[in-house]
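Q: 3D, please:
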Amino acid sequence: MPRSYIEEVMDMDFPKVQTPEVSIETGMFVGSVATCIMLAIYSRFLEIKKCKQEFSKFVEGATISLEGEETDPLSVISKPGENLSTESSVGSASYASLRWRYLGVYLPGVFGDWIQGAYLYALYRAYQLDMADIGYLFMIGYSTSAVLGTYVAAMGDRYGHRLCVGIYGVLYSLSCLTMHYGNFWVLLIGRVLGGV
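A: Got it, this is the predicted structure:
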């Protein structure tokens, strides 16, 4: 009896495609970078939306009195190429300078934290910790950050940001030092310090 087409296809040897293996660290790194990019885009979207809402509230029915006559607010706003007052241009220049100084320190620090996060799992496995212990370490670090983050930010407003940034640097350095010890409890303290 002749074979059917389906039987012939089922008996064919198709070449097996070799898929490259992606390590857990690579997946974690790519995932964290993608998450940060998406959060940055989303926060920028919310900021633009908020600015548009505030501007529309300002424009609706608002009038500005200039030398005794009422004027539409849109006519007062400077157009590109027009000179701004000296006070506003100095304020925006100092803000831009502060922003670039802040970002010059903040971005490398955050990038270093992201890079470290991708290798923590491999480090814990090298210390021969169980999967449950590794899960506890990650949970403690993220929980500490989530619970204490609001209070630490309020401390910056109360005691001064410069002091709190210095304390953060010391605590984070201690957190990094604890990574050199394979003891679970030392690593746990390091995750708590890193979460602050």
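
Q: hey, where'd the helices end up in the chain?
A: Ranges of helices within the chain are 5-11, 24-59, 73-76, 86-126, 131-159, 161-178, 184-195, based on DSSP state H.

Q: Now render those as TSV, adding mean pLDDT and mean neighbour count.
A: (C-beta placed from N, C-alpha, C; glycine too.) Listed next are the helices of the chain as TSV, based on pLDDT from 0 to 100; neighbours: other C-beta atoms under 10 Å:
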stretch	mean pLDDT	mean neighbour count
helix 5-11	65	9
helix 24-59	74	11
helix 73-76	50	10
helix 86-126	74	12
helix 131-159	85	13
helix 161-178	86	14
helix 184-195	90	18
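
Q: Report the contact partners of the nearest residue to Y181 once chain neighbours are set aside.
A: Among residues not flanking Y181 along the chain, L187 sits closest, at 7.0 Å (C-beta to C-beta, 6 or more residues apart in numbering). Counting by C-beta atoms under 8 Å, 6 or more residues apart in numbering, L187 touches Y124, Y127, L129, L137, T178, M179, Y181.

Q: Is it possible to get CSV of the residues you listed that adds distance to R99?
A: Shown next, in CSV, are the contacts of L187 (distance: C-beta to C-beta, whole Å):
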residue, distance to R99
Y124, 37
Y127, 41
L129, 41
L137, 35
T178, 33
M179, 32
Y181, 39
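
Q: out of those, what pair is the most spread apart?
A: The distance between the two most remote of the contacts of L187 (C-beta to C-beta) is 13.7 Å, for L129 and T178.

Q: How many residues are close by the residue lying closest to Q128 once chain neighbours are set aside?
A: Leaving aside its chain neighbours, Q128 sits nearest to G182 (7.8 Å; criterion: C-beta to C-beta, 6+ apart). G182 has 13 neighbours, counted by other C-beta atoms under 10 Å.

Q: isn't G182 right next to Y127, touching?
A: Yes: applying C-beta atoms under 8 Å as the test, G182 and Y127 come out as touching, 3.9 Å apart.

Q: one step back: now the residue nearest to Q128: phi and psi?
A: Dihedral pair for G182: phi -90, psi 10, per degrees, to the nearest 10.

Q: what sits against the nearest residue to L171 once chain neighbours are set aside?
A: Excluding the flanking residues, the one nearest L171 by C-beta to C-beta, 6+ apart is L193, at 4.8 Å. Neighbour list for L193: L171, Y172, L174, S175, T178 [criterion: C-beta under 8 Å, 6+ apart].

Q: Surely the first one touches V196?
A: Yes: at 5.4 Å, L171 and V196 qualify as touching, with contact defined as C-beta under 8 Å.

Q: Send me stretch 103-120 as PDB with only the CA atoms.
A: What follows is stretch 103-120, C-alpha atoms only, in PDB (Å, rounded to 0.1, in the frame of the first residue of the first chain):
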ATOM      1  CA  LEU A 103      23.100  63.300  36.500                       C
ATOM      2  CA  GLY A 104      26.900  63.000  36.200                       C
ATOM      3  CA  VAL A 105      27.000  61.300  39.600                       C
ATOM      4  CA  TYR A 106      23.600  59.600  39.700                       C
ATOM      5  CA  LEU A 107      23.700  57.700  36.400                       C
ATOM      6  CA  PRO A 108      27.000  56.000  36.900                       C
ATOM      7  CA  GLY A 109      25.900  55.000  40.400                       C
ATOM      8  CA  VAL A 110      22.600  53.600  39.200                       C
ATOM      9  CA  PHE A 111      24.300  51.800  36.300                       C
ATOM     10  CA  GLY A 112      26.800  50.200  38.800                       C
ATOM     11  CA  ASP A 113      23.900  49.000  40.900                       C
ATOM     12  CA  TRP A 114      22.200  47.500  37.800                       C
ATOM     13  CA  ILE A 115      25.400  45.700  36.800                       C
ATOM     14  CA  GLN A 116      25.800  44.300  40.300                       C
ATOM     15  CA  GLY A 117      22.300  43.100  40.300                       C
ATOM     16  CA  ALA A 118      22.800  40.900  37.300                       C
ATOM     17  CA  TYR A 119      25.600  39.000  39.000                       C
ATOM     18  CA  LEU A 120      24.200  38.500  42.500                       C
END
